[in-house]
Every structure is written in C-alpha cells, then in structure tokens.
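J.: here are the coordinates; sequence isn't available:
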C-alpha cells in the first residue's frame, strides 16, 4: 500500500509524543516528582528515558560525572587561621606538559639566599588558550592542579587567570571529586606513614 | 516596583523630569522584548558548532530562551555565535556577515578559539580572537564549552541586554561604532584595512626573517 | 611488532632495476623511485601488482639532508598490507615531481595540498592551485625553514614558561602586535588581491557549447562558506547550466588550523588532545589512530583490557556518528529536525559515557600510548551494557521504522547515483561511501588493527551506490557495531589499563610509521616521522573527509543542483578533519 511507510513513521512520532504524557501520569501515580528533582534528571539520562528528554538548565542540572573536566584550578589546603597552604611547588611539570603552552609560572626565590623555594610567586593560565585537555592535572605529582566542574564562567572580557583567581580550597576539591580525593588522601597518608616508619627505623 | 528600582538604568535623569518614568519603562519593555527573542545566526565554524547544535537539540533545548530560531541568513539574525576557530581565510566572510546583520546585534565568542585563538593560536592561519575585528559581548571559556556552559553564557548575554538603555546603545547613536567594519583583505597575510598605514610603516622597518 | 610487510610481498626493485631501490634507512620501509620514471612505476604498481587504492600522498621536508620527499601509500582493496614508495628530490626551487593524477585521480587534492604547504610543483597536474591557504599567501608554511608569525621556539615545551615565567604574550613578541607577517617593504595599498580569479579561471574549463552551437551563459554559484547545509565552512563553486551542474570546484581551508605545523612543535603526547579536534564527532577514533601510529613507532604492546576499551569507545563513536549522519542527511533533504533531534538524544546518552570515562563530552583525550588513561568505572560499564543491549538496538530499529520505508524519502533517494565502485577506488574514496558502492573494503577486516580480528562481524556492503544505499549502509553499520560492542562488553578481561608507566615524555625511536583505522568516515591515518627527538619531525594527518571530497566534482557533474546538498551530505564530511 502506498503511504504505509509514511504511516509507520508517523506511528513513531505519535508514540514519542504520547510517551511524555504517559510518563507524566505514571510518575504522578507513583507519587514521585518528575521535574526539578535529581531523581527525574537521572531518569532522563538513563536507558529508560522516554518522552521528554530536556533537562531544563539552569533550573535543573545534569549530574556531572566525577571525572568531568572544565578549566583547571589550583588546590590549597586550609592551614591554621585560614592560611592558604598552596600545594603547588612550582615544579613546572604542568607548564611543560601543557599542549598549547598556556600556563606560565614564576618560581619563588628566597630573598636571602636566592635559592628557589617550592612555591609559586605567580601562576597564570590563559583561559583563552586552554584546551581543557586535563594533562596538567593528570601529570601533577603533588595533586596541586585539578580540573574544575564549574562551567558557568562566561565573562564580558578576556580571561587570563592569575594565582588569586585559580586558587580554590581542598574542601571544594573534595566536594566535586570525592572518590579521587579520598584515593589521593589515602595514598598520601600511606606515603607519610612509610616515611615515618623509615625515619623511626633509622636510629635503631 | 518602587520608584528607585524603576530608575535603575545607569544614566542620569535631569531633575526636572525626575518623575517622568516613561523612558525607563520603555527601556525595560524594549530590553525584555529583545532578550526574549534573540535569534542566533545559523553559523558554525568548528567543534563548538556541534555543541551549539547539541544545545539546540532535545536535551538542552535553547527554545526555552526564545533562541530556537536559527536563521541561516544574517539579515534575520540578532546574535552571532562565533563557534569555533576563526581563520584568516574565513575572517572576511565573518566580518561581511556581521556587517549584514541588522541592529541591534550581539556577538558571543564561544570557546577558547573565538575568544583568543585557543589552542591553535600559534598557527599561521588563525586569528587570535574575533574581537580583533568585531566587538564581542560575551566570552565563554572552555574547549569546547558544554551546552550547559553555552546556555550559561547566553544567560549572561541576557543580563547584559537587561542593563542596556535606549539612550546609550551604540546603534542609535552616530559615531565610529555605527560605521561598517571594513572587510579584511587576503594578501601575503591578512590585511586589516584599518591598519594599512601602520602595516606599511612596520613592514618597511622590519627585516624579513628577523621574527 | 613485525616489520611493515610491503618489502616481503613485492620486490619492486627487481622489477625496475636501476629505477627503484629499496629504502634502507633504519626505521623506514618501502622503495625509492627515480623521479622521471614515477608515472611508469606507479602504473605498474596499480596494474601489475594490484595496488589499486592510493590512500595517502604527502611530503616531508628533510631540511638537514637538503632533500624533499614525496611519500605515497598504496593499498589493495582486496586487503592486505600496503606499499610505500617515495620520490626524493633536491631541496632547490623549483621542486618538481611528476603528478600521479592520471594514474590515481585520488591524488588530486592531496597533491594540491603538498604544493600549498610544501611548495612542491606536481608537473602535469591540470589545476595546481593553493588549496588550504589562499592564492597570494606568502610562503609554504610546512617547510622547516618557514616560521609562523607567532613563532617562539622549534619545539615545546617553550622555555619562557618556567621557572622565571618570563612569558611574553605572543602579540607582544610580534612587531605587528598580531598574528601577522609581511614581506619586507610591503605596501597594502598597492596589493591587488586575487579575489578567487584563479578559481574562476579553473572553472572556465567547463564552458560548454549548446548542441546547436549556441553558447549559453553559465552561472557560477558559490555555496558556502556560510551555508546551512555545507556541514561547516565548506564552499563549493558550482557552474550551472540551467539547473545542471557542469563544473564544480570545492574550496576548502576555511578551517585550516595548521594541525601539521603545530603537531611538529608538540611533543608526541601533546598531539593527543589536538587529534580530538580533527573529526570532532569522533575524538575517540582519532585518538585510536594516533595512538596506533605512535605505538608502531615505539614498538610497544597495548594492555589487553585497554584494547577492549578502545574498541568499545571507537564503536560507540561510530554509532553516534552514523546516527547524527542520518539526522543531518534528513535535515539537508528538508525533513527538518525530527530525525536529527531523535539522533541527538541517543548521541547525548553515548556522550554521557564518554564524559564519565574521559571527563569531556567531545574532546575525550582518552587514549595514551600503551593503553588508556583511566579504567571504566563499574557504573559506566553498566551504562554501556544498558545502551548496547537494550537502548541502542531498539532505537536503531525505531530510526529504521521512522525513515526507511517512507515513500517520500525513498522517492527522493532511490536511484540518485552517487558513485560506482570502480570510480570510487580510482578517486581513493574510502569508508561507507565505498562500501555502499559494492566494494567490501573495511580496514577492520582488510588490514586488521587493534583486536578487530577477534570479533565476529560482517562488513556492511550495498551494491547500488545510490543515495538510498548510502543511507541504508549507515544503519547496517550501526547494527554491525552493536554486534562488535556486545561481544566486546562480554569478553572484556580485567587487568591493567596501560602497558606503560604514566609518563609525559615518551621516547620514540627514529623512523616513520603510517597507522590507519576505519574511522566512521573512512580511512583515517597518521603519517609520523620521528628523528629520535621528543617531538615528531613530520606529523601528517590523512583525513577521510579531505580525500573523499576529491570525487565530489566527478559525482556532481551532470547532477541537478538540488541533489548537490544530498551528494555532499552522504560524503559525511567534517571540516575539522577536512581542513585540519
């Protein structure tokens, strides 16, 4: 029959159209909220997604996976009295590995001896060059530079981030990447324990 | 809405018309009208264009912001989303498109490449940022910005539109901004006609090979 | 790994004594052909030895040796290893090499590219114009002694970034305060731009007289670079006689981002995220091709689990590419939005997987030499299983139901010829377009890489070579990819995900490697030459899209203008890869 194919295709769109309402009703009957809840968003990003597929940003947000990366930031530990203990030792690996070479660092020097101290005086990332590849975070041996989850950083001017703008607390890092953070902390503690055991064993 | 809030637009109102609120409400009406129907130009350059399409598609659905009407012709568009690397070969076409857009018009530099050259900045055929040729309203970092980041940038643009005033917007004023931007020329390298005298001067002073 | 098999199968040197010599440089393979006899030898390679598919033509500038080299890679469409042959010429202008366009028409655009970027004149080429840059551009950028305006150092990492941070913004290092470089005493006011004169002259060759001797005016229509249906910034200059296309020249380079030049400054690892930006729909496939090439050079094994992960990612990538292809093709044909929106829904779900494992939706940067960067977490593995066993098969069938039998679509697509198998091979067309023309050539089978030889799948092939078959073959390939995925997901072993330690500076021995994969768009290959330094001496991408559009002129001649968009659409070009 001529037109059968068209009808078949229309059947698909017809089904898709009603799916939204059927889903709405089934969520309503089960007493769950379909929109503006985390559960609803999760459902719409799963294999069961039927009908409407839209996640209504900014009211609803997609659940970002832990590994999601946007732009890099520097981690600092909160010391006593709110002192920022920057993890970066200005070893320069991130600047070396950066594919578009958008990181540049000024290493601190001790004013008296003139010898370098492991701390950056200045740290710049040109966000208009950065390609979000994540190499800096991947190869940093001190877990000092990490990739951010915050993507709402549009601005009215160009973006060259300095140390002040790049620094974020370790608690923030722990909040966006809990598993990575726990793993790294564990590794660090194990390392410190091994070191302590070594120094304890030495004098004996 | 109290009187103070109505007079929020950032320009001075002379004392004698202090209570004439018409102009401010007109501003607000005008801004509301424009911010709710920003029609983007269907104009994709590179990787970012795919995220722009994704932002138009089912999951992000830019139609919720009145931006679903992607016009392939510049004559019907309000917003140019520069989505991707701007190359020297392409920039004459971009400037021409921008000139053809009717005012009010906005430009969003989407992604690192359009903002400042991005990872390809060092390339010989890459323009280090579209703002060297046309005025940019919002810069969205990221490579590429995810659709959510793009929408966040467009909300930022809407905020900017909200703050505009009929009296100050550049398209209702005479001045250098109202002139068409001269289209760059493809020579031995990209020639910006606004800079030809300068180029001639530097080319005479610089020895070739000494870069 | 075994040495490239070309020398084992064919002894070209014995067939052409005195003209062809085997390449004996360490790390190199293949044959060096005497320049003057190139056409003769190439004809023999094609006709006597059966290497009918010339996939890559590229040039290498050996500046220290004072030589230029043109490298050709030829393969058999029946499968098996390839043959490398090359011509070496002294590096003194004018550098001339005979054109192979009459033996392998597929060399057309690639020779133009070599002329544009390397300055090698191919004698006998009928239309040797610049292709990626514009006429009038100063210099040939890929030559080793040509420096870009923002030139900083020969190789990354640049020294100014650390430890003093004396970095000066690129603009401030250039006298023009911009990415510009002009010849000495250049006067912009006296400059006469080419304004595409060369292009229009080359189109004039198609001026035809009417049957009754009347000369009718032909109209030149420029489609693009800003056009909704050219898939980016592609431009075609089309000469029309009425509604019939009588001449066509693709104009590309509007997204030429200097991949090759930047790639030569980058270290081997730094090129990985740049490959993401080639075919930005399939960054996983690009990563795979590049990783395979460098692993060939480094001669390292790949971790077993990582091989499976790579296959899973590459095939997921193929599925989303083909789904979007179908959506976009329908968009081009005027079925605005519905199929495309449906396709994008499934694409989003696949991208969710990519995002969860690699961190980014599109620019995955997921592969490393010897493996992958991180393991697939269990919850993502579950997601992949959900997709490949439940969701995607059902949605592929739904797409099938929605479109395949639609009478309007069938009437529009069926019987509109794209290309026949013989012509496709001549023009070096690869990928689904070739297979839709009845040539069952799929590198996953013809010259297996990674672990594709372990999976049970069929090479999708259709025989009519019309638009409809080109649409159907995408559906077939999605189904075959799902078959591979279902096996891979079941078989994937536990174990380490990288055979190497994580390191940012890899040691790559001197030599050359040509690694190729069956990307969703055709053959994607990298040609990398190393001289033992941390960064490649030559880094060349052999993109599927670029070589596939060589046939565009051929397939459009005689077609109606209304079909042009569809014909371009089925070639499935993506500008990031085409222009690089």
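T.: Cool, got the structure. Worth saying up front: this structure is predicted, and the values here are computed from it rather than measured.
J.: now the helices: where do they sit in chain A?
T.: A:4-29, A:38-44, A:93-97, A:135-139, A:163-166, A:170-176, A:178-201 (DSSP state H).
J.: deepest of those helices, which one?
T.: helix A:93-97 (a mean of 23; mean count of other CB atoms under 10 Å in any protein chain shown). The C-beta positions use only the backbone N, C-alpha and C, and glycine is treated the same way.
J.: Which pLDDT value goes with residue 148?
T.: Going with chain A. With respect to pLDDT, residue A:148 scores 90.
J.: Actually, chain C is the one I wanted.
T.: pLDDT, residue C:148: 86.
J.: likewise residue C:20?
T.: As predicted, residue C:20 sits at a pLDDT of 87.
J.: Longest strand in chain A, please.
T.: Identified as the longest strand of chain A according to DSSP state E is strand A:116-126.
J.: I'd assumed residue C:29 was in a strand, is it?
T.: No - per DSSP: H, G, I helix; E, B strand; the rest coil, residue C:29 lies outside any strand segment and is coil.
J.: OK, contacts around the residue of chain A found nearest chain C?
T.: In chain A, no residue comes nearer to chain C than residue A:5, which is 3.1 Å away by CB to the nearest CB. Each residue near residue A:5 by CB atoms under 8 Å, 6 or more residues apart in numbering or on different chains is listed here: C:404, C:405, C:406, C:407, C:409, C:410.
J.: can you rerun that using 10 Å?
T.: With contact set as CB atoms under 10 Å, 6 or more residues apart in numbering or on different chains, residue A:5 has these partners: C:401, C:402, C:403, C:404, C:405, C:406, C:407, C:408, C:409, C:410.
J.: still on that earlier bit, pull out the buried residues from the longest strand of chain A.
T.: Neighbour counts over strand A:116-126 (16 or more other CB atoms under 10 Å in any protein chain shown) mark A:120, A:123, A:124, A:125, A:126 as buried.
J.: Give me the sheet partners of it and which way each runs.
T.: strand A:103-109 (antiparallel), strand A:160-161 (antiparallel) (DSSP bridges).
J.: winner for burial among those strands?
T.: Comparing the strands paired with strand A:116-126 by mean neighbour count (mean count of other CB under 10 Å), strand A:103-109 comes out on top with a mean of 21.
J.: before we move on, the earlier item: among the helices of chain A, which is nearest residue C:255?
T.: Closest to residue C:255 of the helices of chain A is helix A:135-139 (CB to CB; 24.1 Å).
J.: Give me the packing partners of the closest one, helices and strands only.
T.: Contacts defined by 3 or more CB pairs under 10 Å, 6 or more residues apart in numbering or on different chains; DSSP states H and E place helix A:135-139 against strand A:72-78, helix A:93-97, strand A:145-147.
J.: With distance to residue C:425 added, can I get the ones you listed in CSV?
T.: Compiled in CSV, these are given as follows (distance: least, CB to CB, whole Å):
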stretch, distance to residue C:425
strand A:72-78, 47
helix A:93-97, 43
strand A:145-147, 45
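J.: Kindly reformat those as CSV containing distance to chain B.
T.: Formatted as CSV, these follow (distance: least, CB to the nearest CB, whole Å):
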stretch, distance to chain B
strand A:72-78, 11
helix A:93-97, 14
strand A:145-147, 12
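J.: right, and the helix or strand after the lowest-mean-pLDDT helix or strand in chain C?
T.: One helix or strand of chain C scores below all others by mean pLDDT, DSSP states H and E: helix C:6-9, with a mean of 49. Next along the chain after helix C:6-9, taking DSSP states H and E as the criterion, comes helix C:12-15.
J.: partners of the helix or strand following that following helix, with directions?
T.: Downstream of helix C:12-15, the next assigned helix or strand under DSSP H and E is strand C:20-22. Strand pairing for strand C:20-22, using DSSP bridges, gives strand C:31-33 (antiparallel).
J.: unless I'm mixing things up, residue B:144 is touching residue B:51, no?
T.: Yes - taking CB atoms under 10 Å as the definition, residue B:144 is a contact partner of residue B:51 at 4.7 Å.
J.: out of these two, which sits in the busier spot?
T.: residue B:144 (31 against 26; other CB atoms under 10 Å in any protein chain shown).
J.: what bits of chain A have low per-residue confidence?
T.: Residue ranges of chain A with pLDDT under 70: A:203-204.
J.: Which residue ranges make up each domain of it?
T.: A:1-61, A:72-184 (automatic domain parsing).
J.: and these as TSV, adding distance to residue C:114?
T.: Output for the domains of chain A, formatted as TSV (distance: least, CB to CB, whole Å):
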stretch	distance to residue C:114
domain A:1-61	46
domain A:72-184	26
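J.: Just checking, which helix or strand of chain B averages the lowest pLDDT?
T.: Sorting the helices and strands of chain B by mean pLDDT, DSSP H and E puts helix B:3-6 at the bottom, at a mean of 47.
J.: In chain C, what residue comes closest to chain A?
T.: Closest contact between chain C and chain A, by CB to the nearest CB, is at residue C:405 (3.1 Å).
J.: That residue - how many residues pack around it?
T.: The tally of other residues near residue C:405 (other CB under 10 Å) stands at 15.
J.: Give me the three-state assignment for it.
T.: Taking three-state DSSP, the label given to residue C:405 is coil.
J.: Could you find the closest non-adjacent residue to it?
T.: Using CB to CB, 6 or more residues apart in numbering or on different chains and skipping the chain neighbours, the partner closest in space to residue C:405 is residue A:5 (3.1 Å).
J.: Of the helices of chain A, give the one that comes closest to residue C:103.
T.: That would be helix A:135-139 among the helices of chain A, by CB to CB, at 43.5 Å.
J.: circling back: make a ChimeraX selection of the buried ones in the contacts of residue A:5.
T.: Burial among these is assessed by 16+ other CB under 10 Å; the matching ChimeraX selection reads:
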select /C:401,402,403,404,406,409
